[in-house]
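**Q** pasting the sequence and the predicted coordinates here, then a few questions.
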Amino acid sequence: MPEFNFRYPRLLNLDDVAKEKLRFHLDTILLNHQGERGQWMDELTQLKWDYWAEPEEEVKSFPFEGASRMIVPLNAIATEQTLAAVSRRLYGLKQRVIAEPMSDVWLQIKDDIEKYFAWELDEKVKLRPSIESALLEILKLGNGVSRTHFRREIKHGIKLINGEETPFPVIHKQGAHTDSIPVSKFLMPFSSKSPNTAPWCGVEIVAEPYELQLLEDGGMFEVGYVESLKAWALEQSSTEDRVQAEQEEREKRTPSQAERLVIYEIWLSFNVATDQDRAREIVVWYHQTSGKIGAVRYNWLTDLRRPFEIGTYFPVEHRWPGIGIGKQTSMFQREVSAIHRQRLDAGTVSIARVWKTTKFSGVRPDQAIGPGKIITVNDMNDLEPMQHGEIYPSAFSNENMAVIYFQQRSGVNDQILGLEEAGTPGSATSALTRVQEGKKKFDFIFDNIQDFRDRTIMEIARTIHQFGASNVSYFETVKGGDLVKRFLELPDEFIADGLILKIRGSDETSNRILDRQNWTQAAAFLSQYYTAAIQLVQGLGDQKLLQATAIQTLGAITEVTKQILISFDIPNAEKMLLTEIIKQLGFTDIDPNVIAKLLERIAIAGRSSAIEGNGREQVLAPSVEAPQLIRG
């Protein structure tokens, strides 16, 4: 069996006293948190039901049997329109990643870094489908959670070698991996603001034994842990899972295979040994029903961070759960739906006549009356229609007013929905002003979502930096891969703090189209500047100064033209320019080899500072307990 160059951090071997102490602490914090989040879970369930907009009753009996059951899906209208607008701005561009250099020196590796991380995010991490569920929950529920980690899954099969069946392993997944964690399964005290400052945080893993067995085979749990839990595989889901269970029931998508296990992954600070002077950052996998601990490890991340990112739609002061579209529209959806049903029922009643008759007319009380029906009466006045309902015009205006309140609260109006403005249209100027004012709230929401996406991308970059790329062949086969490799070998804070390049996702306001416009405008200004400069130098009559100015002008204009060509994604832009002639004339550019040597010097300086002991050993120096880097 081949050996793979990866291992999880070592498991901590706790004695019985330490295990019991840890188990008691986990039970305490989990039970307390489950108690404080009960009503919040009910609210999340109701918000998901509001989005689904499915009537509770199959047939309504009030105010009459068969009355309208319609629910106007204001929640879904606002959510889906906002998601479409957000997705267009996040993913509507070919360019996925932007690397903002801190100085002009690093412009040489900007494109290479952008190309590499775009490849990782699109081809390996699959960022868009990975965080799409989190984006939806941000809009619906007010919060979305992502978790980034290095994941390794191994599948086992049989193949014929020289006529013999030989078992062999296959790496199913290996590399940086991002999950969207259902907000109902993310655990953190409500009094905390961030996973990194909370006393503890974690996630509830609800999975079938097969899924957990893949993780055990990859080295996450102790050997035999999943097998020891199979007796509890039919356990009822915990209180945290009822949101998912009720949603599955509502959507008529309840899985037929109900064998699931509930395991808590908790990140906390805890003293696991009596000989330690203080608590340490650890990670625990715990099956609360049986009280069995599957694994305990020291936090293996370079700066002891916790790999969770929380996105918020609209913030609430002094707490991490925010407000989403569901909360903003819930009361208006109920009011609009109630008024709308009343209008439909009033219309139905107004066209259905009630008939009054005398006792001796010959018409029985249970006799049906309908079109084409012949009724025999003693006197033509014995049977008369009686209207028992009326349509009130004010009902429509009341419904329309409730919709206006909904638009004011949610920020989703006719302009954003692409609908014609109700009433008499105003001037083009006033319409443009309304659109600009209406976008302010959406821009605020988009900034929150973009910040969540960018923090997730940075977490992916740091995970790749610590554990290695998903495929190291990239550095050998793609142009500029050697510089990307040197960049990833820098100390962690150079990437985390953006000391060389700040890595983030692209959007409509920061893309090559905007770069193209900016460089084109800059070219016009620079052309005027250098033309005037050459004319002034000619007036001085100094030929050496004129020659130096001409060389500098040619080099600067060539660089601007190069950036314009790059913004148009034209390959081999340098071959179309006078770069070689400019170099012969004495205008020098930064050599990529110089960049490579500079990156190497920074990496050596970072390692040296850690060895000298400047208080950052744990951050810069690789830990012996950390996972091995994947370098081939």
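**A** Cool, got the structure. Residues are numbered from 1 along each chain as shown.

**Q** which stretches of the stretch 351-500 of the chain have low pLDDT?
**A** 387-392, 413-438 (pLDDT under 70).

**Q** show me where the protein has strands.
**A** 97-101, 143-161, 164-181, 186-187, 200-207, 261-270, 280-287, 292-298, 308-312, 354-357, 383-386, 501-505 (DSSP state E).

**Q** against Pro321, how distant is Gly372?
**A** 61 Å (Cβ to Cβ, to the nearest Å). For every residue, glycine as well, the C-beta is placed using N, CA and C.

**Q** and what of Ile310?
**A** 9 Å.

**Q** same question for Ala53.
**A** 23 Å.

**Q** again with Gln450
**A** Distance, Gln450 to Pro321, using Cβ to Cβ: 20 Å.

**Q** do Trp267 as well
**A** 19 Å.

**Q** quick one, helices of the stretch 351-500 of the chain?
**A** 394-410, 414-417, 428-467, 474-477, 481-488, 492-496 (DSSP state H, counting those that start in this stretch).

**Q** export those helices as a markdown table, with columns for mean neighbour count and distance to Ser506.
**A** What follows is those, written out as a markdown table (neighbours: other Cβ atoms under 10 Å; distance: least, Cβ to Cβ, whole Å):
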| stretch | mean neighbour count | distance to Ser506 |
| --- | --- | --- |
| helix 394-410 | 16 | 27 |
| helix 414-417 | 16 | 22 |
| helix 428-467 | 17 | 10 |
| helix 474-477 | 14 | 20 |
| helix 481-488 | 19 | 18 |
| helix 492-496 | 18 | 18 |
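
**Q** now the ones you listed as CSV including distance to Ser184?
**A** Output for the helices of the stretch 351-500 of the chain, formatted as CSV (distance: least, Cβ to Cβ, whole Å):
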stretch, distance to Ser184
helix 394-410, 23
helix 414-417, 29
helix 428-467, 18
helix 474-477, 37
helix 481-488, 36
helix 492-496, 30
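
**Q** show me the one of these that comes nearest Tyr286.
**A** Tyr286 sits nearest to helix 428-467 of all the helices of the stretch 351-500 of the chain, at 23.7 Å, using Cβ to Cβ.

**Q** so the closest one versus helix 481-488, what angle?
**A** Relative orientation of helix 428-467 and helix 481-488, computed by axes from the mean of the first three to the mean of the last three Cα atoms, to 10 degrees: 80 degrees.

**Q** could you give the angle of helix 428-467 to strand 164-181?
**A** Using the same axes, to 10 degrees: helix 428-467 against strand 164-181 is 140 degrees.

**Q** contact partners for the most centrally placed residue in the chain?
**A** Compute the mean C-alpha point of the chain, and by Cα atoms, centre = their mean the closest residue is Ile131, 3.6 Å away. Counting by Cβ atoms under 8 Å, 6 or more residues apart in numbering, Ile131 touches Gly144, Ser146, Thr178, Ser180, Arg453, Thr456.

**Q** neighbour count for Ala53 and Pro321, which is higher?
**A** More crowded of Ala53 and Pro321, by other Cβ atoms under 10 Å: Pro321, with 20 against 16.

**Q** that one reaches Gly144, doesn't it?
**A** No - look at Pro321 against Gly144 with Cβ atoms under 8 Å: they stay out of range, at 11.3 Å.

**Q** poorly predicted segments of the stretch 1-150 of the chain, please.
**A** Applying pLDDT under 70 to the stretch 1-150 of the chain flags residues 1-7.

**Q** picking up where we left off before, identify whichever of the helices of the stretch 351-500 of the chain lies nearest to Ser228.
**A** helix 428-467 (28.8 Å).

**Q** return the distance of the closest one from the chain's centre.
**A** In terms of Cα atoms, centre = their mean, to the nearest Å, the centre of helix 428-467 is found 12 Å from the chain centre.

**Q** again, but for stretch 212-229
**A** Worked out by Cα atoms, centre = their mean, stretch 212-229 lies 28 Å from the chain centre.

**Q** try stretch 125-138
**A** With Cα atoms, centre = their mean, you get 4 Å for stretch 125-138.

**Q** which of the residues in that stretch are buried?
**A** Val125, Leu127, Ser130, Ile131, Glu132, Ser133, Ala134, Leu135, Leu136, Glu137, Ile138 (16 or more other Cβ atoms under 10 Å).

**Q** inside helices: which ones of these?
**A** Leu127, Ser130, Ile131, Glu132, Ser133, Ala134, Leu135, Leu136, Glu137, Ile138 (DSSP state H).

**Q** distance to Thr166 added to the residues you listed, as TSV?
**A** Below are those laid out as TSV (distance: Cβ to Cβ, whole Å):
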residue	distance to Thr166
Leu127	37
Ser130	35
Ile131	40
Glu132	40
Ser133	40
Ala134	42
Leu135	45
Leu136	45
Glu137	45
Ile138	48
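
**Q** what are the contacting residues of stretch 479-486?
**A** Here stretch 479-486 makes contact (Cβ under 8 Å, 6+ apart) with 108-109, 111-113, 115-116, 474-475, 592, 595-596, 599-600, 603.

**Q** so what's the gap between it and the chain middle?
**A** Counting by Cα atoms, centre = their mean, stretch 479-486 comes out at 28 Å from the chain centroid.

**Q** now the strands of the chain in CSV, with mean neighbour count?
**A** Converted to CSV, these look like this (neighbours: other Cβ atoms under 10 Å):
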stretch, mean neighbour count
strand 97-101, 19
strand 143-161, 18
strand 164-181, 16
strand 186-187, 22
strand 200-207, 21
strand 261-270, 20
strand 280-287, 20
strand 292-298, 19
strand 308-312, 23
strand 354-357, 14
strand 383-386, 12
strand 501-505, 20
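
**Q** out of those strands, which gets nearest to Phe444?
**A** Per Cβ to Cβ, nearest to Phe444 of these: strand 308-312, 11.2 Å.
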